[in-house]
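Visitor: Predicted model and sequence below, questions to follow.
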Amino acid sequence: MNNIFAFYYSSIGKKVLMSLTGLFLIIFLTEHLVGNLLLFANDQGKMYEAYGDFLVSNPVIRFIEIFLFLGVLGHAILGVILWFKNRMTRPVKYKSFRLKDNATLASRTTIITGSVIGIFLYIHLKTFFIPSRFSAEKVSTYELVVKAFSNPWYDAFYLVALFLLGYHLRHGFQSAFQTLGLRNKTYTSFLDLLACIVWCLIPLGFAAIPIYFFFFHQAASTVIMGVH
């Protein structure tokens, strides 16, 4: 038990936990994106609503949500601790210690991108999760999506946050496998391809949703109503 606590309190222990929680959150992002792609079904949200009802009524999913919350919280706390620890171990002034020569821009701005993502997550939960889960009356999650993404300011913030998420993931994904000792010559090409999917395609997939609902949803709904 003492060895476990000693490992946690060490820098490498925190980095390993940071990597594991980050990879866990990437898996969630992938699953969340797959579910959100149902918004493009052009069925007035029927499939998306069914998907949302399944998540709410499934006790296993509700149990996993607890670990998801703990994962997000743990990842954020570890990130802040490691950032402050790195700052404390580099007391030399910039004029004699050029940080940009020793760390990439992505690693230097991780605390900034992570903070913006945290703000975005709070707004996102307040807009969608809380009304759909804790409202006294039945709330249509599809209507919440339509209403939210009809606001250009919300869309703009959403897209900026996704851009920063991609930048955050680009550094985080590579760093996680490096920390876990899984990045070597044998798997470099595969990990580079997987990294591109994570930091590029996932944010692009989410970004397509506000773009679709702001520019194309009303026209598509009109066509469907005309057919019926």
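Guide: Noted; the coordinates are in hand.
Visitor: Ramachandran angles for Asn184?
Guide: Main-chain torsions, Asn184, degrees, to the nearest 10: phi -140, psi 180.
Visitor: And the helices in the chain?
Guide: Here the chain has its helices, by DSSP state H, at 2-9, 11-36, 46-57, 59-88, 105-108, 110-124, 130-134, 141-148, 152-179, 188-196, 202-215, 217-227.
Visitor: Would you reformat those as TSV and include mean pLDDT and mean neighbour count?
Guide: The C-beta positions use only the backbone N, C-alpha and C, and glycine is treated the same way. Output for the helices of the chain, formatted as TSV (pLDDT from 0 to 100; neighbours: other C-beta atoms under 10 Å):
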stretch	mean pLDDT	mean neighbour count
helix 2-9	65	10
helix 11-36	91	16
helix 46-57	90	14
helix 59-88	87	14
helix 105-108	70	14
helix 110-124	92	16
helix 130-134	87	14
helix 141-148	94	17
helix 152-179	91	18
helix 188-196	82	13
helix 202-215	95	17
helix 217-227	54	11
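Visitor: Surely Asp155 and Phe214 touch.
Guide: Yes - shown here, Asp155 and Phe214 form a contact pair, counting by C-beta atoms under 8 Å, at 5.3 Å.
Visitor: Touching both of those two, which residues are there?
Guide: Residues touching both Asp155 and Phe214 (C-beta atoms under 8 Å, 6 or more residues apart in numbering) are Phe149.
Visitor: center of this structure, which residue is that?
Guide: Nearest to the mean C-alpha position of the chain, by C-alpha atoms, centre = their mean, lies Leu29 at 5.6 Å.
Visitor: which residues sit in contact with that residue?
Guide: Residues near Leu29 by C-beta under 8 Å, 6+ apart: Ile202.
Visitor: same question, the one 4 residues further on
Guide: Residues near Leu33 by C-beta under 8 Å, 6+ apart: 202, 205-206.
Visitor: Return the closest of those residues with respect to Thr141.
Guide: Among the contacts of Leu33, Phe206 lies closest to Thr141 (C-beta to C-beta), at 15.8 Å.
Visitor: Do I have it right that the closest one meets Asn36?
Guide: Yes - counting by C-beta under 8 Å, Phe206 touches Asn36, with 7.0 Å between them.
Visitor: Restrict stretch 36-44 to CA atoms and write it as PDB.
Guide: Output in PDB follows, covering the C-alpha atoms of stretch 36-44 (Å, rounded to 0.1, in the frame of the first residue of the first chain):
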ATOM      1  CA  ASN A  36     -24.200  12.500 -31.700                       C
ATOM      2  CA  LEU A  37     -23.900  11.500 -35.400                       C
ATOM      3  CA  LEU A  38     -27.500  10.300 -35.100                       C
ATOM      4  CA  LEU A  39     -28.400  14.000 -35.200                       C
ATOM      5  CA  PHE A  40     -27.800  13.800 -39.000                       C
ATOM      6  CA  ALA A  41     -30.500  11.100 -39.500                       C
ATOM      7  CA  ASN A  42     -33.000  13.700 -40.700                       C
ATOM      8  CA  ASP A  43     -35.900  12.000 -38.800                       C
ATOM      9  CA  GLN A  44     -36.700  15.000 -36.500                       C
END
